[in-house]
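Enquirer: Quick one: sequence and predicted model below, then my questions.
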Amino acid sequence: MESRSYLLLLFLCLQGDNLKGYFVSSVMKTIRNLGITAKSVNVYFYLAECSNQSGVTWPSKRTIAQACKVSVPTVTRALRELETAGMIITIPRHELNNRQTSNSYMIFTEPQCSQTAD
C-alpha cells in the first residue's frame, strides 16, 4: 500500500490550485473516519504547517501547546492519539551529550498500518 505520501509536499504541490480544497477535504475525511478528537486534529494540522518538504517537524510540546492554545498534557495525549491512529511517527532526538531534546514528528496523509505476520 503506497500511503507514505507526506502532507506538506502535497500542500506545496497543490498551493494555489483548485485541488487544494479537495486535498484538505480528503485529509479531513480520513481523520474523521479515524475518530480523532478535535484537539488532536488541531495538533495534527499545526505539525503539518510546521513540517518541511519531507513531512518532518520538530517543535517542542510547549511550542505546540502555545500555538494550539491547549495544555502540554493535552498535546501529549493528542500526539499519542495521532501516533496510535498511524497519522504521525514520533522520532526521539538527542543532543551530542545524549540529552533528550524535542522529538521529531513525521506526518502522513493516510494512516500507516504496521504489518504483522500471522
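Expert: Received, thanks.
Enquirer: in the chain, which spans are strands?
Expert: For the chain, the strands defined by DSSP state E occupy 56-57, 88-94, 100-107.
Enquirer: Give me the contacts around the first one.
Expert: This points to strand 56-57. Residues outside strand 56-57 that contact it (CB atoms under 8 Å, 6 or more residues apart in numbering): Leu47, Cys50, Ser51, Ile91, Ser104, Tyr105, Met106, Ile107. Glycine gets a C-beta too; all of them are placed from N, C-alpha and C.
Enquirer: Which two among those are spaced furthest apart?
Expert: Cys50 and Ile91 (14.6 Å; CB to CB).
Enquirer: Who has more neighbours out of those two?
Expert: Cys50 (17 against 11; other CB atoms under 10 Å).
Enquirer: per-residue confidence at that one?
Expert: What the model reports for Cys50 is a pLDDT of 88.
Enquirer: Tell me how far the residue nearest to it when sequence neighbours are not counted lies from Arg32.
Expert: Closest residue in space to Cys50, ignoring its immediate chain neighbours: Thr57 at 4.2 Å, by CB to CB, 6 or more residues apart in numbering. In this view, Thr57 and Arg32 are 23 Å apart by CB to CB, to the nearest Å.
Enquirer: So between those two, which is more surrounded?
Expert: Neighbour count, other CB under 10 Å: between Thr57 and Arg32, Thr57 has more, with 21 against 10.
Enquirer: Enumerate the beta-bridge partners assigned to the residue positioned nearest the centre of the chain.
Expert: What sits nearest the mean C-alpha location of the chain, by CA atoms, centre = their mean, is Ile107, with 3.8 Å. Counting by DSSP bridges, Ile107 is bridged to Ile88.
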